[in-house]
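Asks: all I have is the shape, not the residue letters:
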């Protein structure tokens, strides 16, 4: 797999770091890491780095190359000779890209709000409140989690038609607006909060809403952040569902707009490159700022399958 | 009323002077005692007080799930026995859709490609992220940076990733010009039927590496270091220790990753759609099952009934693969 691309492997010159480190760096067992092993590790790390970051950087580089610069040279030129933002301006002349950004943003924020509210409330009901039918309600969410979206997507489409919501941004949000996985994640988070705290609040006279809002919810902020971030990422990146439910180009989200751009101007690589950079930049920034929640979400989501 | 007074004092205890309980509570709170022990059992109270509100809490989630997941699932099953179209209600046709499936070349092509996708992607996604996790496990300077960058493809939209690779693998793209520069010559990554499927698999693996790397990192952190030390003392080299210590210790995680990635791989849509085009490449030979569902069932002339039958096939295979996840998960717990 990794042979597909021979990246512009930055000359492996980690020599100074390991040389210095040889005296200092210990492994997780407290033993000294041998110098050659450290060099080997950094060489491999840099190779994988080139493979994972390289394609993004190449796309960035392509998007910055001007109309007169040859982008097909062999051997390739990795840096634009005259970097220009011209292509970004052209994207917005070709497709209403900022409208698409706005649509994506509306969908993503809507998805975050509904998922946070819906899954926190439902998760609390499943974890803490006693009532007839609680087990049945939990089962509903477990079953819903097991249904693969791709298996019911045509019926979701006809459901939207029946509701008269086709071709609206609301329809893009609705099916994933309270993810079953998120509900179960919140349920588990609430179950992990010691019940004594809420008992104390109850004795102090807090009603169910106050216990939820002031006692339980602040204890699960971490999980709530994970739910929020994954809801944002999921809907910002989603492709199949908006592709099916949106037919009016003015309603397109960014991913559908990019697909349209690619389909119509496939031969204009600089243009497509600029479009993809516009789409991916916000998420990379978000990821850079909130990494630990992204990593945490992987762990929690994977355990639940 | 002496008791209830004392309870009021409690409920306005020093911690929360500004939060009086609802007045109606006083009488009820006083009831169980009249004695010195003032705290009633919470469970009883909760049950009595909250006949309605638990359902209010759960209502939004249940409503959305019922209308947009469970109802569509039921109607998928029902529609699969009808000849419903997007604009026509349709009639019951028995098993006609399923009989048609058996004679539909595109269905077999789709099933073949989706299955090939599982076979091609899953081994790579089980093994490569494990190696990557071992590479980034050790806390050497700068490792957090490497981990983050390795995870970036996961964060990016599949559309972005797909288009990036469409350009990289273009007839005149970076990969081909590098191949030419080293004298191998250009390859039709996006025009040859099989090479295209393979390219799409590569993209799926490339995008999934970081995700499964994080899962493996969590598993590796739980491998007892004594095992490694004992093996090292016994003279086992790094490769030997990988097979005798690491692999057995993370075996259940490998099963989990295998099941997760095979469910995802079988449902592949976006990568192939973007790289091969909406029609699945030359003569539709690269169509996957979900692409076929999308193409058959949407649009104004969509054959909802037939697409539902196709969906059921996707559903059944995905659920079977998903049950593997649960089994793997359970094995991990025990």
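Replies: Cool, got the structure. Quantities reported herein were computed from a predicted structural model and do not represent experimental measurements.

Asks: low-confidence ranges, chain B, go.
Replies: Within chain B, the set of residues satisfying pLDDT under 70 comprises B:1-52, B:324-326, B:328-334.

Asks: ok, now with 50
Replies: B:1-41, B:44-48, B:50 (pLDDT under 50).

Asks: tell me, which helix in it spans the most residues?
Replies: When secondary structure is assigned using DSSP state H, the longest helix within chain B turns out to be helix B:105-137.

Asks: check contacts around residue B:187.
Replies: Under the criterion of Cβ atoms under 8 Å, 6 or more residues apart in numbering or on different chains, the contact partners of residue B:187 comprise B:176, B:179, B:195. In short, each C-beta sits where N, CA and C put it, glycine included.

Asks: go again with 10 Å.
Replies: Contacts were defined as Cβ atoms under 10 Å, 6 or more residues apart in numbering or on different chains; by that measure residue B:187 touches A:4, B:169, B:171, B:175-176, B:179-180, B:195, B:199.

Asks: over to residue B:279?
Replies: When contacts are counted by Cβ under 10 Å, 6+ apart, residue B:279 touches B:273, B:285-287, B:291, B:295.

Asks: then residue A:121?
Replies: Taking Cβ under 10 Å, 6+ apart as the definition, contacts of residue A:121 comprise A:178, A:183, A:186, A:212, A:217, B:56-61.

Asks: give me that answer again for 6 Å
Replies: Residue A:121 makes contact with residue B:57 under the criterion Cβ atoms under 6 Å, 6 or more residues apart in numbering or on different chains.

Asks: how's chain A carved up into domains?
Replies: As recorded under automatic domain parsing, the domains making up chain A are A:16-84, A:93-304.

Asks: tell me which stretches of the stretch 201-334 of chain B form helices.
Replies: Here the stretch 201-334 of chain B has its helices, by DSSP state H, counting those that start in this stretch, at B:225-233, B:238-241, B:247-249, B:251-266, B:270-276, B:289-297, B:304-333.

Asks: which one among the contacts of residue B:279 gets closest to residue B:138?
Replies: For residue B:138, the nearest member of the contacts of residue B:279 is residue B:273. The distance, counting by Cβ to Cβ, is 39.3 Å.

Asks: residues from the stretch 151-300 of chain B in reach of chain A?
Replies: Taking Cβ under 6 Å from any Cβ of the partner chain, the part of the stretch 151-300 of chain B that reaches chain A is made up of B:153, B:155-160, B:163-164, B:167-168, B:172, B:174-175, B:177-178, B:180-181, B:202, B:205, B:214-215, B:218, B:225, B:267, B:269-270, B:290, B:297-298.

Asks: whichever of those end up buried, select them in PyMOL.
Replies: Applied in PyMOL, the following selects the buried portion of those according to 16 or more other Cβ atoms under 10 Å in any protein chain shown:
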select buried, chain B and resi 153+155+156+157+158+159+160+163+164+167+168+174+175+177+178+180+202+205+214+215+218+267+269+270+290+297+298
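
Asks: domain parsing for chain B?
Replies: Segmentation of chain B into domains, based on automatic domain parsing, reads B:53-97, B:104-333.

Asks: mind listing what residue A:189 touches?
Replies: A:220, A:223.

Asks: and it, what element?
Replies: Element membership of residue A:189 [criterion: DSSP states H and E] is helix A:180-191.

Asks: show me what counts as buried in that helix.
Replies: Along helix A:180-191, these residues count as buried under the neighbour rule (16+ other Cβ under 10 Å): A:180-190.

Asks: touching whichever helix or strand comes after the longest helix of chain B from outside, list them.
Replies: Tracing the chain past helix B:105-137, the next element assigned as helix or strand by DSSP H and E is helix B:143-155. Under the contact criterion Cβ under 6 Å, 6+ apart, helix B:143-155 has outside partners A:45, A:49, A:52-53, A:283, A:287, A:291, B:136, B:206-207, B:210-211.

Asks: for residue A:246, which of the helices of the stretch 201-334 of chain B is the nearest?
Replies: Taking the helices of the stretch 201-334 of chain B one by one with Cβ to Cβ, helix B:289-297 is closest: 13.3 Å.

Asks: what is the closest one packed up against?
Replies: With contacts defined as 3 or more Cβ pairs under 6 Å, 6 or more residues apart in numbering or on different chains; DSSP states H and E, the packing partners of helix B:289-297 are helix B:105-137, helix B:304-333.

Asks: and residue A:253, which of the ones you listed is closest to it?
Replies: helix B:304-333 (22.8 Å).

Asks: residue B:156 and residue A:279 touch, don't they?
Replies: No. Contact between residue B:156 and residue A:279 fails when scored by Cβ atoms under 6 Å: they sit 8.3 Å apart.

Asks: hang on, the earlier thing: of the domains of chain B, which is nearest residue A:35?
Replies: Between residue A:35 and the domains of chain B, the tightest spacing by Cβ to Cβ is seen for domain B:104-333, at 12.0 Å.

Asks: now do the SS call for the residue in chain A that chain B sits nearest to.
Replies: When distances are taken as Cβ to the nearest Cβ, chain A reaches nearest to chain B at residue A:205, 2.7 Å away. For residue A:205, the secondary-structure state derived from DSSP: H, G, I helix; E, B strand; the rest coil is coil.
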